[in-house]
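**Student:** here is a sequence together with a model predicted from it:
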Amino acid sequence: MVVMATNKTMCAGMETKLAELLLDPESAPIAVREHVGACDGCRSELQELQATMTALDAWEAPAPNPYFMTRFEARLREEKQKAPAGWLERLRARMEMTPRMHARPLAAMALTLGLLLGGGAYLNVYWQSPPAATPDTAVVHDLQTLDNNAQLLDQLETIGDQSADPDQN
């Protein structure tokens with residue numbers, strides 16, 4: 001039981017060391033080589049990795065189609081010459097086909113404008129009108145109100161007199 005526990009703790013970080021041992025056995029530390037010699041699990045893992053590397057060495061990449069680049073370039077020319085349908089597609093095509101450096105100053109200006117307008121609206125600086133100066137004092141205002149009330153009472157008395165005495169008209 002103690003030997004199994006020791007092997008489990010030793011095998012925990014062996015994945016990278018097994019790849020090192022597989023690619024360059026001389027540079028691998030002696031402790032790793034001794035562990036692989038003593039541990040059946042790590043030895044079988046190393047053998048599986050060696051079998052995989054042998055299969056990859058035997059594999060040959062398929063030859064590329066000789067007409068691929070010709071067809072690709074023709075298709076690319078067709079796509080560049082084809083006119084986009086609407087204004088949104090033209091804008092998208094322009095953004096895809098041109099370098100993106102020209103969009104950065106525009107984005108910076110739009111962000112600055114948005115911050116200025118948003119900050120101004122938040123602080124209510126640009127849209128707030130200054131308070132109107134009141135030249136009338138309280139006494140003048142009271143006298144004007146009394147004068148308006150007196151005129152209204154005169155008008156009401158005139159109307160009352162006319163309705164009480166219909167023959168004078």
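**Tutor:** Nice, I can see it. Numbering: from 1, shown residues only.

**Student:** okay, and the helix or strand of this protein with the least pLDDT?
**Tutor:** helix 2-11 (a mean of 50; mean pLDDT, DSSP states H and E).

**Student:** name the next helix or strand downstream of that one, please.
**Tutor:** Using DSSP states H and E, the helix or strand that directly follows helix 2-11 along the chain is helix 14-23.

**Student:** packing partners of the longest helix along the chain?
**Tutor:** Counting by DSSP state H, the longest helix found in the chain is helix 138-164. Here helix 138-164 touches no other helix or strand, going by 3 or more CB pairs under 8 Å, 6 or more residues apart in numbering; DSSP states H and E. No exception for glycine: its C-beta is placed from N, CA and C like everyone else's.

**Student:** report the buried residues of that helix.
**Tutor:** Buried residues in helix 138-164, defined by neighbour count with 16 or more other CB atoms under 10 Å: none.

**Student:** that helix: how far from the chain's middle?
**Tutor:** In terms of CA atoms, centre = their mean, to the nearest Å, the centre of helix 138-164 is set 68 Å apart from its chain centre.

**Student:** what of stretch 30-45?
**Tutor:** So, by CA atoms, centre = their mean, the centroid of stretch 30-45 is 50 Å from its chain's centroid.
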